[in-house]
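In: Coordinates only, no sequence provided:
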């Protein structure tokens, strides 16, 4: 797992040490940022605090906007590298923060240089072999939920996505990139291999031949090249926030019928593991709850009345 090996500079992130409001929209809800005091911050809405220690999400900031739960890696001084604490924080998001009314999850990085530079090599140098093995397991236990989440997950790639950072993006259902973003799995040049899902997810996304090239040669791709081979779905315009672009792009998801979105996602993910006959049967099983739902009836009534449907998720 390739990663960041720059020296830490805690002073570079003035926002650490307390909760601060994020965003100025009326539908923005702060959950946590940095390492607030135990018991939460007085600046955070009361309903956003959780019973467990909020400092467990120290490397991440969380907020809700437009129906999406937004996760930002707050380690700009380390190029948003995946430390052990960051992995644990991702796991805690799923265990403690993902709510039934969240329509999507968006993952992004702080700053403009890096989405995520992979493993924190400064931390990795101090680990024993068994500790490294344990960390690799944590990539599954604390990150893999992004590929099995009941709602769509989106990577808003604001800069370099390298090694484990690219693997983090591969776990997501959709990927939006800034024009200056770059992508690589350079592990073989460091005497290792991608071990957070890269050898398995990449071939399923870009095809076996291209995946072999990218992993064996360690090729670095621009955003335009990534779009051309299907590694990302979209590149935002220059000067536009990739997070804002992603939020606008996924509005059909966050404003759509929740039951239908979840059912479609289950059926699409099953296509990776089922043969065509089993997949078609599974598709029908996913359709059935939608068929008898209030949301389906609401959609038909809204169509007849020439208005926008109001979905309730039931």
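Out: Received the coordinates, thanks. Model, not experiment: these values are computed from the prediction.
In: And the strands in the stretch 151-300 of the chain?
Out: Secondary structure of the stretch 151-300 of the chain (DSSP state E, counting those that start in this stretch): strands at 153-157, 160-162, 174-177, 182-184, 221-222, 234-235.
In: got these as a markdown table, with mean pLDDT and mean neighbour count columns?
Out: From N, CA and C alone the C-beta is placed, and that goes for glycine too. Rendered in a markdown table, the data for those read as follows (pLDDT from 0 to 100; neighbours: other Cβ atoms under 10 Å):
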| stretch | mean pLDDT | mean neighbour count |
| --- | --- | --- |
| strand 153-157 | 98 | 29 |
| strand 160-162 | 96 | 28 |
| strand 174-177 | 98 | 26 |
| strand 182-184 | 97 | 22 |
| strand 221-222 | 97 | 18 |
| strand 234-235 | 98 | 18 |
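In: Show me the one of those strands that comes nearest residue 147.
Out: Nearest to residue 147, of all the strands of the stretch 151-300 of the chain, is strand 153-157, at 7.5 Å by Cβ to Cβ.
In: just checking, what packs against that closest one?
Out: Using 3 or more Cβ pairs under 8 Å, 6 or more residues apart in numbering; DSSP states H and E, the elements in contact with strand 153-157 are strand 104-109, strand 114-116, helix 164-170, strand 174-177, helix 242-249.
In: So which elements touch the fourth one?
Out: Counting by 3+ Cβ pairs under 8 Å, 6+ apart, the packing neighbours recorded for strand 174-177 are strand 153-157, helix 223-228, strand 234-235, helix 242-249.
In: can you check the first one too?
Out: For strand 104-109, the contact count by 3+ Cβ pairs under 8 Å, 6+ apart identifies strand 68-73, strand 114-116, strand 153-157, helix 164-170, helix 242-249 as packing neighbours.
In: next SSE after the first one?
Out: Pointing back at strand 68-73 there. Taking DSSP states H and E as the definition, the helix or strand that follows strand 68-73 towards the C-terminus is helix 84-92.
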